[in-house]
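*Asks:* sharing a model prediction with you, sequence too.
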Amino acid sequence: MIVAERKTIPELIEILKGQKKVLVLGCGTCVTVCLAGGEREVSIISSALRIASRLAGFSLQIEELTIERQCDNVFIEKAAEAIERNDAVLSLGCGAGVQAIAERYPAKPVYAGLNTAFLGILEERAVWTEKCVACGACVLHEYGGICPITRCAKHMLNGPCGGSREDRCEVLPDRPCAWQLIYQRLKGIGQLDRLKQIKPPKNWNASIHGGLRVIVREDHRI
Ligand code: SF4
Ligand code: SF4
């Protein structure tokens, strides 16, 4: 899922300075699960902004709403009336959600209330870790399902860097060395031979480094 974090209230006050009526719009999917932008956070942030804006000398009138997904026009439609009657939208969706709302309402200021961080999973209660940087050409099958691009601090594709201590990464000592995990996993599934193959340099054209990415499914177009 997409993992995000809330911006601080002082940051949001700075962003919303000069606005009068603001819709704080939550998203019921990824950012709800990572406790950043769901119904509960909409309520907490709205209360905090009411108080903080009063203290800052411009009392915000805030409406609260959470829709199922901000990155989908079908669900954005359900927020149409609330968006229309407010001067601006503070979106608690991920970066895609914020931009989807802004594209749909070109005359309405739409602000990001979150910092979108990464694609990850819940590792333990209240701890999320990154698992994928969406490189566009997945090689997980070659590494036992453990991504060296995301989980190795040096993005090593042909074995470990040699700096690990015990099973810890030398760059991030609180994290396991990804190559230790890859080795154990490949050993466990009887595929250690994969490590004998030298991988050529990765082509990053399919990643964000190749520019904006678009996927078109011609077989589904009308
Ligand atoms: S190889 Fe690329 S697509 Fe696959 S998990 Fe790693 S970053 Fe994500
Ligand atoms: S110690 Fe392991 S995870 Fe850390 S940079 Fe080196 S190979 Fe990558």
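*Replies:* Now that the structure is in, tell me what you want to look at. Note that the structure is a prediction, hence the values are computed from the model and not measured. Ligands and ions are numbered 1, 2, ... in the order given.
*Asks:* please enumerate the helices of this structure.
*Replies:* Using DSSP state H, the helices of the chain run over 9-16, 30-33, 39-55, 73-76, 80-85, 95-104, 148-151, 178-188.
*Asks:* what does the protein put close to ligand 2?
*Replies:* 152-154, 156, 160-161, 163-164, 169-171, 177-179 (C-beta under 6 Å from any ligand atom). In short, each C-beta sits where N, CA and C put it, glycine included.
*Asks:* could you flag which of those residues are buried?
*Replies:* Neighbour counting over the residues of the chain next to ligand 2 (16 or more other C-beta atoms under 10 Å) leaves C152, M156, P160, S164, C169, C177, A178, W179 as the buried ones.
*Asks:* hang on, the earlier thing: kindly reformat the helices of the chain as JSON lines containing distance to A134 and mean pLDDT.
*Replies:* Output for the helices of the chain, formatted as JSON lines (distance: least, C-beta to C-beta, whole Å; pLDDT from 0 to 100):
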{"stretch": "helix 9-16", "distance to A134": "26", "mean pLDDT": "98"}
{"stretch": "helix 30-33", "distance to A134": "14", "mean pLDDT": "97"}
{"stretch": "helix 39-55", "distance to A134": "25", "mean pLDDT": "98"}
{"stretch": "helix 73-76", "distance to A134": "22", "mean pLDDT": "96"}
{"stretch": "helix 80-85", "distance to A134": "29", "mean pLDDT": "98"}
{"stretch": "helix 95-104", "distance to A134": "12", "mean pLDDT": "98"}
{"stretch": "helix 148-151", "distance to A134": "9", "mean pLDDT": "98"}
{"stretch": "helix 178-188", "distance to A134": "17", "mean pLDDT": "98"}
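*Asks:* as a markdown table, those helices with distance to Q61 would be great.
*Replies:* As requested, the helices of the chain are exported to a markdown table (distance: least, C-beta to C-beta, whole Å):
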| stretch | distance to Q61 |
| --- | --- |
| helix 9-16 | 11 |
| helix 30-33 | 24 |
| helix 39-55 | 9 |
| helix 73-76 | 22 |
| helix 80-85 | 10 |
| helix 95-104 | 19 |
| helix 148-151 | 42 |
| helix 178-188 | 49 |
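*Asks:* nearest to ligand 1, out of those helices?
*Replies:* helix 148-151 (4.5 Å; C-beta to the nearest ligand atom).
*Asks:* what about the residues of the chain next to ligand 2, which are in strands?
*Replies:* If you go by DSSP state E, the residues of the chain next to ligand 2 have nothing in strands.
*Asks:* any chance of TSV for these, columns distance to M1?
*Replies:* What follows is the residues of the chain next to ligand 2, written out as TSV (distance: C-beta to C-beta, whole Å):
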residue	distance to M1
C152	22
A153	23
K154	26
M156	26
P160	29
C161	29
G163	31
S164	29
C169	24
E170	29
V171	25
C177	25
A178	20
W179	26
